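*Asks:* following is a predicted model, sequence given first.
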Amino acid sequence: MEVRQIAEKVYEITCGTTHYRIVNQKIKELVAEGAERIVLKEVYGQRYIGTGIRGNVKIEIHGTAGNDLGIFLYGPEIEVFGNAQDGVGNTMMAGKIIVRGHAGDVCGYGMRGGKVYIEGDVGYRVGIHMKGYKNLIPTFIVGGKAGNFFGEYMAGGRLILLGLNRKPGEDIVGDYCATGMHGGVMYVRGEVPERYLGKEVKVFETDEEDMKILREELKGFSEAFNIPLDEILSEPFTKIVPVSARPYGRMYAHRWGIASGLIK
């Protein structure tokens, strides 16, 4: 690993094959010393980059970010010039993550605040258990397509799926979309076949308030990837919201009662 200062409060780390713990320790040391920008070169899947970091520092990643990028993030901005693996932005509280490529599975798990922008596709179970925290509203925007269980057990926040790279006739999302969803809202550019949706949600057309929210949220995505906002909004959006606050509450309570002997 090579570390050098390239400007005032700006540092460059060449990661190569250095173990992720060493890389992350150096990042934390530089942040503690007042670094405002850290550029990571030759990133080969190092995990946990940005975990738990606070402040206004910006971290640039050139390469492939490993699992759990930016988990428990408290304010910084992370930008990936490449792809990211699983777990992007899990349980993050504040800040922004921009991925100029694709991302893997289980991204945004339990996300409580902040914004995540993925330029390309995402894998399975993205946005599950998103919930928000107090007055925080997490936002996760996917520019491409999503796999199965998108927004599973979602409890709060905003999931926006754009499908900008879709081919004619190609589905934007996989099976079991919004299964168990009991809070928050999901916006999908185009239509979502009913067969893909969980039974706990209903589909509505967007109204003026929805379009106001979409314009505000998509402005940052548009600027991040230099995609005209009017182009993104040129196709109607589908709004998906839950119809039950606790879709499986009775079932779980019944099973617990049987297991405990309270129900015969």
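*Replies:* Arrived safely.
*Asks:* now do the strands in the stretch 101-250 of the chain.
*Replies:* Using DSSP state E, counting those that start in this stretch, the strands of the stretch 101-250 of the chain run over 115-118, 139-142, 155-161, 183-189, 201-205, 237-242.
*Asks:* now do the fifth one: everything it contacts.
*Replies:* Outside of strand 201-205, the residues within contact range by C-beta atoms under 8 Å, 6 or more residues apart in numbering are 178, 181, 186, 192, 194, 197, 236, 238-243. Any C-beta I mention is one placed from the backbone N, CA and C, and that applies to glycine too.
*Asks:* please repeat the previous calculation with a cut-off of 10 Å.
*Replies:* Residues from elsewhere that reach strand 201-205, judged by C-beta atoms under 10 Å, 6 or more residues apart in numbering: 151, 154, 177-182, 185-186, 188, 191-192, 194, 197, 210, 236-244, 247.
*Asks:* quick one: residues contacting I6.
*Replies:* E12, R37, V39.
*Asks:* let's see that with 7 Å instead.
*Replies:* Residues in contact with I6 (C-beta atoms under 7 Å, 6 or more residues apart in numbering) are E12.
*Asks:* can I take it that it is in a helix?
*Replies:* No - under DSSP: H, G, I helix; E, B strand; the rest coil, I6 falls outside any helix and is assigned strand.
*Asks:* among the contacts of strand 201-205, which ones are buried?
*Replies:* Using 16 or more other C-beta atoms under 10 Å as the burial test, the contacts of strand 201-205 include 151, 154, 177-182, 185-186, 188, 192, 197, 237-240, 242, 247 as buried.
*Asks:* which secondary structure elements does the lengthiest helix in the chain contact?
*Replies:* Longest helix in the chain by number of residues (criterion: DSSP state H): helix 208-225. For helix 208-225, the packing partners by 3 or more C-beta pairs under 7 Å, 6 or more residues apart in numbering; DSSP states H and E come out as strand 115-118, strand 139-142, helix 229-232.
*Asks:* got a list of contacts for that helix?
*Replies:* Residues contacting helix 208-225 (C-beta under 7 Å, 6+ apart): 98, 115, 117, 119, 139, 141, 143, 158, 160, 187, 228-229, 232, 237, 239.
*Asks:* kindly recompute the last result at 6 Å.
*Replies:* I98, Y117, E119, T139, I141, L229, I232, K239 (C-beta atoms under 6 Å, 6 or more residues apart in numbering).
*Asks:* so what's K28 closest to, chain neighbours aside?
*Replies:* Distance criterion C-beta to C-beta, 6 or more residues apart in numbering; nearest residue to K28, sequence neighbours excluded, is I53 at 6.9 Å.
*Asks:* number of residues surrounding that neighbour?
*Replies:* Per other C-beta atoms under 10 Å, the neighbour tally for I53 reads 22.
*Asks:* just checking, it touches P76?
*Replies:* Yes - I53 is in contact with P76 according to C-beta atoms under 6 Å; the separation is 5.2 Å.
*Asks:* state the distance from G55 to E36.
*Replies:* Relative to E36, G55 is positioned 9 Å away (C-beta to C-beta, to the nearest Å).
*Asks:* the domain parsing of this structure - what is it?
*Replies:* 1-67+79-87, 102-264 (automatic domain parsing).
*Asks:* looking at the ones you listed, which is nearest to M93?
*Replies:* domain 102-264 (4.8 Å; C-beta to C-beta).
*Asks:* run the chain-centre distance for that closest one.
*Replies:* Relative to its parent chain, domain 102-264 has a centroid offset of 10 Å by C-alpha atoms, centre = their mean, to the nearest Å.
*Asks:* returning to what we had before: would you turn the helices and strands packed on helix 208-225 into TSV with mean neighbour count and distance to V201?
*Replies:* Converted to TSV, the helices and strands packed on helix 208-225 look like this (neighbours: other C-beta atoms under 10 Å; distance: least, C-beta to C-beta, whole Å):
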stretch	mean neighbour count	distance to V201
strand 115-118	27	22
strand 139-142	27	17
helix 229-232	14	23
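*Asks:* I'd like the ones you listed as CSV, with distance to Y133 and mean pLDDT appended.
*Replies:* Shown next, in CSV, are these (distance: least, C-beta to C-beta, whole Å; pLDDT from 0 to 100):
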stretch, distance to Y133, mean pLDDT
strand 115-118, 14, 98
strand 139-142, 13, 98
helix 229-232, 28, 96
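*Asks:* understood, closing this out.
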